[in-house]
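> coords please:
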Amino acid sequence: MLSRRQFLSAALAVCLWTSAAVAQTPRFEIAFPALPNTRAMVCDLHMHTVFSDGSVWPRIRVDEAWRLGLHAIAITDHVEYQPWKDDVRVDNLDRPYELALGSAREHDILLLRGAEITRDTPPGHFNAVFLKQVSALAVFQQIPKDDTEALLEAFRVTADQGAFVFWNHPGWKGPELGKWGPVQEELLKRGWLHGIEICNGSTYYREAHEYALEKNLTLIGTSDIHGPDLNQRTTEQAHRALTIAFVEEWSADGLRAALFAGQTVVWFQDLLIGRQPILETLFAQTVEMVPPHLRTQNRVYFVLRNRSIVPVKLERVGKLGPATITIPGEASVLVWVGTSQPQQPMELQYVATNWWIAPDTGLPVVLQVPGAE
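Numbers count the residues shown, from 1 in each chain. Below is the predicted model of the structure:
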């Protein structure tokens with residue numbers, strides 16, 4: 001039998017070994033170009049822990065973010081819905097943030113203070129991030145189900161804290177219940193609604209995408225993760241729905257400014273979704289045309305490189321070039337074009353079918369093939 005001293009020594013050794021193992025967990029960065037004069041910040045702004053209806057401890061969300069290459073996260077436990085409250089005390093709504101903050105600092109993960117406001121649908125759920133005090137949102141717990149005026153007034157708490165508020169998974173109970181309604185309209189009118197989830201988990205919400213474009217709301221994509229993320233790294237084939245924010249300053253203030261300015265794209269499955277001016281600029285930073293290395297009597301050979309983890313799928317809309325071109329994430333492809341004038345420059349007209357500027361609408365692009373010098 002171990003003595004008390006031996007037991008304590010063994011326990012300390014286990015703790016030190018565990019800490020060292022966590023510290024040495026490799027991080028796999030996500031390749032993502034940025035807009036000029038910005039950096040691409042990979043964000044997941046919607047996730048849960050045991051302090052609402054999730055199944056993991058708060059710092060686990062930080063460990064996942066480190067491993068999977070995320071830069072900024074928000075733990076957004078439900079304010080009104082706490083099914084494990086008999087087992088986990090939730091009287092302090094700031095506790096999930098407090099428990100994860102130390103680990104976030106150690107891992108250089110930007111942790112935002114956030115919460116999910118949980119109402120029946122309609123009007124639905126809303127996330128508030130960049131809060132100064134989550135506990136102030138306890139006011140929502142006292143509002144009767146059908147008291148719209150009280151609900152709207154309660155949002156003053158988020159406005160007073162300068163929070164960024166977005167409407168969560170609008171169509172999760174179907175498009176009819178997920179329609180834009182009077183609560184959304186009034187919040188927008190007051191300047192208290194700033195974004196909308198167009199992608200949540202494994203679901204893309206077409207109507208939400210349309211609302212985002214119509215109402216000039218920031219495009220948001222999130223995991224809304226409840227259980228543990230078992231992926232060891234983020235890959236082109238296996239990844240969360242994520243928001244990529246283009247920040248001028250690498251800080252919470254920089255991220256906040258980018259979100260309020262609508263400088264985001266959403267990475268969902270093999271889609272990259274954003275507003276056309278942003279995607280046009282991003283495409284130019286992402287796809288590199290290597291000058292032709294071979295010109296024959298009737299062909300020109302060149303390489304296209306993809307600097308991003310997101311694939312690029314092109315369909316021809318002009319007369320020159322292959323009918324389709326697919327450039328996997330962080331890869332290059334060899335392309336040849338048949339032409340009777342191989343020494344002359346060419347313009348290849350395509351649509352990037354998985355880079356959406358609107359629902360089911362790809363980004364028009366032109367590939368400029370330089371002529372021989």
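
> Can you read off the pLDDT for Asp146?
Listed pLDDT for Asp146 reads 88.

> actually Arg5, not the one I typed
Model confidence at Arg5 (pLDDT) stands at 54.

> swap in Leu272?
Note for Leu272: predicted pLDDT of 98.

> same thing with Thr218?
99.

> Now Leu188: closest residue in space that isn't a chain neighbour?
Counting by Cβ to Cβ, 6 or more residues apart in numbering, Lys215 is the residue found nearest to Leu188 once chain neighbours are left out, at 6.1 Å. Placement of C-beta: from N, CA and C, glycine included.

> Surely the one you found and Leu187 touch.
No: using Cβ atoms under 8 Å, Lys215 is not in contact with Leu187; the gap is 10.6 Å.

> Looking at the two, which is more packed in?
More crowded of Lys215 and Leu187, by other Cβ atoms under 10 Å: Leu187, with 21 against 14.

> ok so the more buried one is a strand residue?
No: counting by DSSP: H, G, I helix; E, B strand; the rest coil, one finds Leu187 to be helix, located in no strand.

> Can you check the pLDDT for the closest residue in space to it that isn't next to it in sequence?
Leaving out its chain neighbours, the residue that sits closest to Leu187 by Cβ to Cβ, 6+ apart is Leu193, at 3.8 Å. We have a pLDDT of 98 for Leu193.

> How about Leu2?
46.

> Spatially nearest residue to Glu347 (excluding sequence neighbours)?
Val366 is the one closest to Glu347 (Cβ to Cβ, 6+ apart), at 5.4 Å.

> If you could redo that for Gln141, that was the one I meant.
Closest to Gln141 by Cβ to Cβ, 6+ apart is Glu80, at 5.4 Å.

> Look up how far Phe140 lies from the one you found.
Noted for Glu80: a distance of 6 Å to Phe140, by Cβ to Cβ, to the nearest Å.

> Which one of those two is surrounded by more residues?
Phe140 (21 against 17).

> Show me whatever sits in contact with both of Glu80 and Phe140.
Residues touching both Glu80 and Phe140 (Cβ atoms under 8 Å, 6 or more residues apart in numbering): Ile117, Thr118.

> so where's the stretch 1-150 of the chain uncertain?
Scanning the stretch 1-150 of the chain for pLDDT under 70 picks out 1-23.

> can you give me the strands for the stretch 151-300 of the chain?
164-167, 195-200, 203-204, 218-222, 242-247, 264-268, 271-273, 287-295, 299-306 (DSSP state E, counting those that start in this stretch).

> For the shortest one, name the packing helices and strands.
When contacts are defined as 3 or more Cβ pairs under 8 Å, 6 or more residues apart in numbering; DSSP states H and E, strand 203-204 packs onto no helix or strand at all.

> now do the last one
Secondary-structure packing of strand 299-306 (3+ Cβ pairs under 8 Å, 6+ apart): strand 287-295, strand 324-327, strand 332-338, strand 361-369.

> hmm, 6 Å instead?
In terms of contacts (3 or more Cβ pairs under 6 Å, 6 or more residues apart in numbering; DSSP states H and E), strand 299-306 is packed against strand 287-295, strand 332-338.

> Other residues contacting it?
Here strand 299-306 makes contact (Cβ atoms under 6 Å, 6 or more residues apart in numbering) with 288, 290, 292, 294, 312, 327, 331-338, 342.

> Could you export the helices and strands packed on strand 299-306 as TSV, including mean neighbour count, mean pLDDT and distance to Ala245?
Output for those, formatted as TSV (neighbours: other Cβ atoms under 10 Å; pLDDT from 0 to 100; distance: least, Cβ to Cβ, whole Å):
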stretch	mean neighbour count	mean pLDDT	distance to Ala245
strand 287-295	14	98	21
strand 332-338	15	98	28
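
> Help me confirm that Val351 comes into contact with Glu315.
Yes: under the criterion of Cβ atoms under 6 Å, Val351 makes contact with Glu315 at 5.3 Å.

> Ser55: neighbour count?
As a burial measure, Ser55 scores 13 neighbours (other Cβ under 10 Å).

> show me the contacts for Thr158.
Residues near Thr158 by Cβ under 6 Å, 6+ apart: Ala128, Val165.

> Can you redo the helices and strands packed on strand 299-306 as TSV, where the extra columns are distance to Ser308?
What follows is the helices and strands packed on strand 299-306, written out as TSV (distance: least, Cβ to Cβ, whole Å):
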stretch	distance to Ser308
strand 287-295	8
strand 332-338	12
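
> of Val351 and Glu315, who's got more company?
Counted by other Cβ under 10 Å, Val351 and Glu315 do not tie: Val351 has more neighbours, with 17 against 14.

> still on that earlier bit, right, and the strands of the stretch 151-300 of the chain - which one's nearest Asp147?
Smallest distance to Asp147 across the strands of the stretch 151-300 of the chain (Cβ to Cβ): 19.0 Å, for strand 164-167.

> Describe which strands the closest one pairs with in its sheet and in which direction.
The pairing partners recorded for strand 164-167 under DSSP bridges are strand 125-129 (antiparallel), strand 195-200 (parallel).

> could those go into CSV alongside distance to Val50?
Below are the strands paired with strand 164-167 laid out as CSV (distance: least, Cβ to Cβ, whole Å):
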stretch, distance to Val50
strand 125-129, 18
strand 195-200, 21
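
> Which among these is found nearest to Gly69?
Per Cβ to Cβ, nearest to Gly69 of the strands paired with strand 164-167: strand 195-200, 18.2 Å.

> Can I get the closest one in PDB, CA atoms only?
Written as PDB, here are the backbone C-alpha positions of strand 195-200 (Å, rounded to 0.1, in the frame of the first residue of the first chain):
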ATOM      1  CA  GLY A 195     -25.900  38.800 -38.300                       C
ATOM      2  CA  ILE A 196     -27.600  35.500 -39.200                       C
ATOM      3  CA  GLU A 197     -26.600  31.900 -39.300                       C
ATOM      4  CA  ILE A 198     -26.800  30.700 -42.900                       C
ATOM      5  CA  CYS A 199     -25.100  27.500 -41.900                       C
ATOM      6  CA  ASN A 200     -25.400  25.600 -38.700                       C
END
